[in-house]
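>>> got a predicted structure plus its sequence, pasted below:
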Amino acid sequence: HAEYTIRSAKAGKHVLCEKPLALDAVEARVLLEAQARTGVKMGEAFMVRTHPQWLRARELVRAGRIGELPIPDWRWTIEVDLFGVIHGCHVFVPFLRSQGHGHLLNVASAAGLLSAGGMGAYNVAKAGVVALSETLYAELVDSKVEVTVLCPMFFQSNIAKGSRMTDDKTRAMAASLIAKGPPAADVARAALAAVDRGDLYAVPMADGRWAWRLKRAAPAVFARIAARAVKRATR
């Protein structure tokens, strides 16, 4: 299409050209020179970049449903949601041991217990927090340092705004569930009550406790139910 694009430019016409605008670097350079001489605007009608079908495909790829979630997003999520807790434990566990008593409250998520689809990196990070807390509980069982891991379902917070969810439907689903959840103060009170009781697990929402029970009792049934629920919510 380069020949006709140049002819149109010489006639003073702006050009929106069907792809490809040029077949190689030589043609592209000639077109750039023609545009510079004439001052007209040239563009390539590469519609697949903005077609809803391909925008949706891009969202799915970025969200990890097709292919793999980008490694930088895995690293970012694990650095924030797992290594943040690791760093805290690395600093405070020796201090609590040295003073001979205390209580460590780690914030995980029900995602770390349930591992529903569509949240791979987040699930892995939060499951890591659960495993870290269980390990510390075992290591400190003969001391007066206790451990609790908080595993809430969705509650009112700004987590959807700060998370790397490039799939708009997943973000909208999360925002809706967060808005319908209990206030953060209720979750905090449940966490402190679990600390007072000396519980290892604090799962404050009833639906989270029932889902966890079902997963342990019938993991295959739970997986099918969870998969259908995620599919409906993100349809």
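Alright, I've got the coordinates.
>>> neighbours around residue 23, how many?
Residue 23 sits with 10 neighbouring residues when counted by other CB atoms under 10 Å. Heads up, the C-betas are built off the backbone N, CA and C, glycines and all.
>>> spit out the contact partners of it.
By CB atoms under 8 Å, 6 or more residues apart in numbering, the residues touching residue 23 are residue 2.
>>> quick one: it is in a helix?
No - counting by DSSP: H, G, I helix; E, B strand; the rest coil, residue 23 is not found in a helix; it is coil.
>>> quick one: it and residue 36, what's the gap?
Distance, residue 23 to residue 36, using CB to CB, to the nearest Å: 20 Å.
>>> next one: residue 107
58 Å.
>>> need the phi and psi values for residue 86.
phi -60, psi -50 (degrees, to the nearest 10).
>>> burial count for it?
15.
>>> can you classify the nearest residue to it once chain neighbours are set aside by secondary structure?
Leaving aside its sequence neighbours, residue 86 sits nearest to residue 132 (CB to CB, 6 or more residues apart in numbering; 6.6 Å). Secondary structure for residue 132, judged by three-state DSSP, is helix.
>>> go on, residue 117?
coil.
>>> how many neighbouring residues does it have?
Neighbours of residue 117 under the rule other CB under 10 Å: 15.
>>> just name the shakiest helix or strand of this structure by mean pLDDT.
In the chain, no helix or strand scores lower on mean pLDDT, DSSP states H and E than helix 52-63, which sits at a mean of 54.
>>> chain center to the helix or strand that that helix is followed by: distance?
Next along the chain after helix 52-63, taking DSSP states H and E as the criterion, comes helix 71-78. In this view, helix 71-78 has its centroid 9 Å away from the chain centroid, taken as CA atoms, centre = their mean, to the nearest Å.
>>> can you tell me which helices and strands helix 71-78 packs against?
Contacts defined by 3 or more CB pairs under 8 Å, 6 or more residues apart in numbering; DSSP states H and E place helix 71-78 against helix 120-139.
>>> got the CA coordinates for the helix it packs on in CSV?
What follows is helix 120-139, C-alpha atoms only, in CSV (Å, rounded to 0.1, in the frame of the first residue of the first chain):
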residue,chain,number,x,y,z
GLY,A,120,-2.7,-18.3,41.3
ALA,A,121,0.0,-15.9,42.5
TYR,A,122,-2.2,-14.6,45.4
ASN,A,123,-3.2,-18.1,46.5
VAL,A,124,0.4,-19.2,46.5
ALA,A,125,1.6,-16.2,48.5
LYS,A,126,-1.2,-16.6,51.1
ALA,A,127,-0.7,-20.3,51.4
GLY,A,128,2.9,-19.5,52.1
VAL,A,129,1.9,-17.3,55.0
VAL,A,130,-0.3,-20.1,56.4
ALA,A,131,2.6,-22.6,56.0
LEU,A,132,5.0,-20.1,57.7
SER,A,133,2.6,-19.6,60.6
GLU,A,134,2.1,-23.4,61.0
THR,A,135,5.9,-23.9,61.0
LEU,A,136,6.4,-21.2,63.6
TYR,A,137,3.6,-22.7,65.7
ALA,A,138,5.4,-26.0,65.7
GLU,A,139,8.8,-24.5,66.5
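>>> what are the buried residues along stretch 189-209?
With burial defined by 16 or more other CB atoms under 10 Å, the residues of stretch 189-209 counted as buried are 190-191, 194-195, 201-205, 208-209.
>>> closest one of the residues you listed to residue 226?
residue 208 (12.4 Å; CB to CB).
>>> who touches that closest one in this structure?
110, 113-114, 151-153.
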